[in-house]
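> kindly return the folded structure for what I paste below:
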Amino acid sequence: MQRVKGAAPDLGKTDYWSKFRGLTWWQWALSVLPFGLFIGGALGAGIGLLSIAANTSLARKQFPTPLKALAMTGVVLAAYLVWIVIAVILDTTVN
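Numbers count the residues shown, from 1 in each chain. I've put the predicted structure just below:
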C-alpha cells in the first residue's frame, strides 16, 4: 500500500461519527434528539445513549420511510417518558 505524502498516519482509531454518516437530515435529527437527556445526569445520559443507539440502528434498517419515522419517534418519546418516570420515582422515594 502506498502512503500519501503529508497524510496522517493510521493509528487504528475508531470513527465515532461513522454511525451518523449517510443518514438523511430527519434520521440524523431523530437520532440525536435524545441527546437532550444528558442534562438529566448519569441517568439521563444512560437512557439517552441507549435511545441514540436504538435510533441509529433503526435508521439503517430497510423499513418503509413512514414506519421508520414512526418507530424512531416512538423511541424518542419512550426515552423521555422513561426518564421522567424514573426521576419522579426517585424523587418521591428520596423525599
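> what's the helix or strand for the closest residue to Ala59 other than its chain neighbours?
Computed as CB to CB, 6 or more residues apart in numbering, the closest residue to Ala59 that is not its neighbour in sequence is Gln27, at 4.1 Å. C-beta coordinates here come from the backbone N, C-alpha and C atoms, glycine included. Assigning secondary structure by DSSP states H and E places Gln27 in helix 25-32.
> show me what counts as buried in that helix.
Of the residues in helix 25-32, Gln27, Trp28, Leu30, Ser31, Val32 count as buried by neighbour count, 16 or more other CB atoms under 10 Å.
> now do stretch 49-62
With the criterion 16+ other CB under 10 Å, stretch 49-62 contains buried residues Ser51, Ile52, Ala54, Asn55, Thr56, Leu58, Ala59.
> which one of those sits closest to Trp17?
Proximity to Trp17 was ranked across the buried residues of stretch 49-62 by CB to CB; first place goes to Thr56, at 10.8 Å.
> model confidence at that closest one, what's the number?
Thr56 is assigned a predicted lDDT (pLDDT) of 92.
> I'd assumed Gly44 was in contact with Ile86.
No - between Ile86 and Gly44 there is no contact under CB atoms under 8 Å: 9.4 Å.
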